[in-house]
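J.: A structural model of the following input is requested.
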Amino acid sequence: MGTQIHAGDNYRRVVELVQSGAIGQVKECHVWCEKSLANSERPTETPPIPRYLHWDLWLGPAPARPYHPEYLPKTWRHWWDFGEGILGDMACHYVDLAFWALKLRYPLTIEAEGPPVHPETTPAWLIVRYEFPARLDLPPLQLTWYDGGKRPALVEQGKTPNWRNGVLFVGEKGMLIADYDRRKLLPEDQFAGFVPPAPSIPKSGGHHLEWLQACKTGSPTTCNFGYASALTETVLLGVVAYRTGHKLDWDSASLKARNSRQAMNYLHTEYRKGWKLA
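T.: Numbers count the residues shown, from 1 in each chain. Okay, the predicted model is just below:
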């Protein structure tokens, strides 16, 4: 996964702080992104396809529909046939930090809330709650995602900086808030004079260079498929929970929700004729 933030120094320092025990055991984590996409209906106009666009190829395995500029280049994220809204767009970048620092893999349960489900387009806001099991010496964790202007109560209550996007680790000894470029231990007066641990995660040459080195040497990138697949699976299950309206009891080994047959409608999809893998 080319999540370029994973290659940045700030994320590495946050991981070191969490894993060194600076804020104690973490049982609660909150991740939010202010971006929003409002619902809309499928356009009825059928303008001509631009000469530079191969519309059938752009659609790929998605169901056929007439071309309209409403779908591209960036707004494809807004439509269920092509994307998963802000959750699918941004969560892999921000939840990545929690996944790395807290050594997460697959959630046990997933529950989501948002506006009424629209058949065509993604919601204006979403809150998703994930429960993770204990990992070796780490306790069970509840991780909550917010988008579309929704934020954790701790932020709304003024107990943390009022950041537009962020990751908040709530530990037994304090809290740590971070985004792409910043990090702060809280309460600030409690951590006055705190000396962070010596850096232990090597500096990255950047996610492009990691990919080139992997191609040339076979060495793994820090966001290799083994890591990124579990992160992506977790993020997308938030969409499944929202669209089914069920709190999912997840069986990662069989890729099934034990308590929801309806979830299978979103875990597997029929490819358009001509796009099925042999």
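J.: Can you list the residue ranges for strands in the stretch 151-278 of the chain?
T.: With DSSP state E, counting those that start in this stretch as the definition, the stretch 151-278 of the chain shows strands at residue ranges 166-171, 175-178, 183-186, 248-251, 256-257.
J.: Kindly report the same for the stretch 1-150 of the chain.
T.: In the stretch 1-150 of the chain, the segments counted as strands under DSSP E, counting those that start in this stretch are 26-33, 109-113, 126-132, 141-147.
J.: which one's the longest helix in the protein?
T.: helix 225-244 (DSSP state H).
J.: quick one: contacts of it?
T.: Applying Cβ atoms under 8 Å, 6 or more residues apart in numbering, the external contacts of helix 225-244 come out as 1, 3, 80, 84-85, 87-88, 91-92, 95-96, 99, 104-107, 110-114, 117, 123, 126, 128, 130, 145, 220, 247-248, 250, 252, 257, 260, 262-263, 265-267. Using the backbone N, CA and C atoms, a C-beta is placed for each residue, glycine as well.
J.: now swap in stretch 210-220 and tell me
T.: Outside of stretch 210-220, the residues that reach it under the criterion Cβ under 8 Å, 6+ apart are 2, 7, 204-205, 221-224, 226.
J.: Show me which pair in those is furthest apart.
T.: The span of the contacts of stretch 210-220, defined through Cβ to Cβ, is set by G205 and G226 at 20.5 Å.
J.: out of the contacts of helix 225-244, which are buried?
T.: Neighbour counting over the contacts of helix 225-244 (16 or more other Cβ atoms under 10 Å) leaves 1, 3, 80, 84-85, 87-88, 91-92, 95-96, 99, 104, 106-107, 110-112, 114, 123, 126, 128, 130, 145, 248, 250, 257, 260, 263, 266 as the buried ones.
J.: And the residue nearest the centre of the chain?
T.: The residue at the geometric middle of the chain, judged as the C-alpha nearest the mean C-alpha position with Cα atoms, centre = their mean, is A91 (2.2 Å).
J.: can you list the weak-confidence ranges in the stretch 1-150 of the chain?
T.: For the stretch 1-150 of the chain, the stretches flagged by pLDDT under 70 are 2.
J.: Is V95 in contact with L143, as I believe?
T.: Yes - between V95 and L143 there is a contact at 7.3 Å, judged by Cβ atoms under 8 Å.
J.: For these two, list the residues in contact with both.
T.: V31.
J.: Contacts only, for K150.
T.: Applying Cβ under 8 Å, 6+ apart, we find K150 in contact with 32, 125-127.
J.: what's the distance between D179 and A112?
T.: Noted for D179: a distance of 23 Å to A112, by Cβ to Cβ, to the nearest Å.
J.: oh, I was asking about D9
T.: In this structure, D9 lies at 33 Å from A112, with Cβ to Cβ as the measure.
J.: same deal with Q157?
T.: Distance of Q157 to A112, given as Cβ to Cβ: 23 Å.
J.: And for K273?
T.: Distance check for K273 against A112: by Cβ to Cβ, it reads 32 Å.
J.: Please give the centre-to-centre distance between stretch 38-50 and its chain.
T.: Counting by Cα atoms, centre = their mean, to the nearest Å, stretch 38-50 is centred 28 Å from the centre of its parent chain.
J.: Go through that stretch and flag the buried ones.
T.: Buried, per 16+ other Cβ under 10 Å, within stretch 38-50: nothing.
J.: List the contacts of it.
T.: Applying Cβ under 8 Å, 6+ apart, the external contacts of stretch 38-50 come out as 55, 65-70, 78, 115, 118, 120-124.
J.: got the CA coordinates for that stretch in CSV?
T.: Coordinates of the C-alpha atoms in stretch 38-50 are reproduced here as CSV (Å, rounded to 0.1, in the frame of the first residue of the first chain):
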residue,chain,number,x,y,z
ALA,A,38,-23.0,14.7,0.6
ASN,A,39,-25.5,12.4,-0.9
SER,A,40,-26.7,13.0,-4.5
GLU,A,41,-28.8,11.2,-7.1
ARG,A,42,-27.5,9.5,-10.2
PRO,A,43,-27.4,12.1,-13.0
THR,A,44,-29.9,11.6,-15.8
GLU,A,45,-28.1,13.6,-18.5
THR,A,46,-26.0,11.7,-21.0
PRO,A,47,-23.3,14.1,-22.3
PRO,A,48,-20.8,12.9,-24.9
ILE,A,49,-17.8,10.9,-23.7
PRO,A,50,-14.6,13.0,-24.0
